[in-house]
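[1] after the sequence you'll find the predicted model.
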Amino acid sequence: MARSSRDRISVDLQGLKAALLERAQEAGASPSDLVRAAVEQALGQSVTQLASRQKHALSPGEPQKARLSLRLRREDVAAIFSAARTARLSPSAYLVGLTHGVPVLTGGATRTEVLATLTAFTAELSSLSRNLHHLCSLLRSGEYRAAQEYHVMLDTLAADVGGHLTLAARALADLRPPRVSARAPTSLSS
């Protein structure tokens, strides 16, 4: 039998569920927290000791992922899947993006719209590149009169490129979570 990487088991409480839920509510904890504390006490080990041993047992290249289970109304699940599809992200990536405040997910524009804007900026820069190449060709061949037509473009070149780069930088920033200098540790208890 293949060993599961999940750190979860199911236990038949044989009538103790109501009492467990009541005690958890009194303690302001989840039922899992109470059960985990009882198991820790029975084993004489804390979760941090066990987690530390388990963390070192993972191979260096193995991604450290955890499963999150949520109980939601069917309509909410459908809405999450629909929004993730619209954003062209997996439901996990979509929820993580929302959690980290990725502007494209929390703002008005969709990821597709931001990418379309970025594509348009790139096309304009490509057109500018072609015009500069044509200007250089005219100057190399000594056609100075024809090159004069590019005078207006050259006068605004720095501002145009700067504007395009600023807009592209904003669009790319909208696709990423904001940088946080120090992240608070998270608990994955259920």
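    Arrived safely.
[2] use CA for all of it now, contacts and neighbours both
    Noted.
[3] need the pLDDT of residue 74.
    The confidence metric pLDDT takes the value 93 at residue 74.
[4] how many neighbours does it have?
    9 (other CA atoms under 10 Å).
[5] list phi and psi for it.
    phi -60, psi -40 (degrees, to the nearest 10).
[6] could you check how far it is from residue 81?
    Going from residue 74 to residue 81 by CA to CA, to the nearest Å gives 11 Å.
[7] again, but for residue 143
    According to CA to CA, residue 143 stands 59 Å off from residue 81.
[8] if you average pLDDT over stretch 167-183, what comes out?
    Stretch 167-183 comes out at a mean pLDDT of 64.
[9] now do the buried residues in whichever helix in the chain runs longest.
    If you go by DSSP state H, the chain has its longest helix at helix 111-140. Residues of helix 111-140 classed as buried by neighbour count (16 or more other CA atoms under 10 Å): 111, 114-115, 118, 121, 125, 128, 135, 138.
[10] show me which of the residues you listed is closest to residue 26.
    residue 111 (43.9 Å; CA to CA).
[11] got the confidence number for that closest one?
    pLDDT, residue 111: 68.
[12] helix or strand with the lowest mean pLDDT in this protein?
    Sorting the helices and strands of the chain by mean pLDDT, DSSP states H and E puts helix 47-57 at the bottom, at a mean of 53.
[13] circling back: residue 143 and residue 81: which has the busier surroundings?
    Shown here are residue 143 and residue 81; by other CA under 10 Å, residue 81 has more neighbours (18 against 12).
[14] the domain parsing of the protein - what is it?
    Split into domains by automatic domain parsing, the chain comes to 17-57, 74-99, 111-174.
[15] thank you kindly, that will do.
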